[in-house]
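Peer 1: Build me a structure from this.
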Amino acid sequence: MKTINYTAKILPDGHISLPEKIKKEMGLAVNSVVRITLESDTPRENIIKAFGAWSERSEIKDGVTYVEDMRSGWDKRTKRIDNV
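Peer 2: Next comes the predicted model:
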């Protein structure tokens, strides 16, 4: 089974059009049967909201400080693990 991936827009009447190039490459004609798998792109706004998920937390000053604080105890834990 041949597979081609491309991004399409839903037309106002609910149809999805196939570019002529893809029709030719796939050997599709009128009334051809194809299998379609749909994946929806995540709206950019939802992704941006996720980055601000901790913005209300007062104990996190900034990302760099937070990561440095988390990593500060790693060497102690690593030594403890190595001695087991």
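Peer 1: ok, the nearest residue to residue 18 once chain neighbours are set aside - contacts?
Peer 2: Nearest non-adjacent residue to residue 18, counting by C-beta to C-beta, 6 or more residues apart in numbering: residue 28, 7.0 Å away. For glycine as for every other residue, the C-beta is placed from the backbone atoms N, C-alpha and C. Counting by C-beta atoms under 8 Å, 6 or more residues apart in numbering, residue 28 touches 18, 22, 34.
Peer 1: same deal with residue 2?
Peer 2: By C-beta under 8 Å, 6+ apart, the contact set of residue 2 is residue 26.
Peer 1: helix or strand for it, which one?
Peer 2: Taking DSSP states H and E as the definition, one finds residue 2 inside no helix or strand.
Peer 1: follow-up on the earlier one: ok, and the most crowded of the contacts of residue 28?
Peer 2: Counting neighbours by other C-beta atoms under 10 Å, residue 18 comes out on top of those with 16 neighbours.
Peer 1: Can you give me the separation between that residue and residue 27?
Peer 2: Remark: distance between residue 18 and residue 27 (C-beta to C-beta, to the nearest Å) = 12 Å.
Peer 1: got it, and residue 21?
Peer 2: Here the criterion is C-beta to C-beta. By it, residue 21 lies 12 Å from residue 27.
Peer 1: where do the helices sit along this protein?
Peer 2: Using DSSP state H, the helices found in the chain span residues 20-26, 44-51, 63-71, 74-82.
Peer 1: Please list all residues in contact with residue 6.
Peer 2: Listed by C-beta under 8 Å, 6+ apart, the contact set of residue 6 reads 19, 22.
Peer 1: By mean pLDDT, which helix or strand of the protein comes out lowest?
Peer 2: The least trusted helix or strand in the chain, going by mean pLDDT, DSSP states H and E, turns out to be helix 44-51, with a mean of 68.
Peer 1: where are the low-confidence patches of the chain?
Peer 2: Within the chain, the ranges that satisfy pLDDT under 70 run 41-50, 52-55, 84.
Peer 1: One more pass at 90, please.
Peer 2: Along the chain, the parts satisfying pLDDT under 90 run over 1-11, 16-19, 34-84.
Peer 1: coming back round to it: for the helices of the chain, give me a markdown table that also has distance to residue 57.
Peer 2: Below are those laid out as a markdown table (distance: least, C-beta to C-beta, whole Å):
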| stretch | distance to residue 57 |
| --- | --- |
| helix 20-26 | 48 |
| helix 44-51 | 13 |
| helix 63-71 | 9 |
| helix 74-82 | 22 |
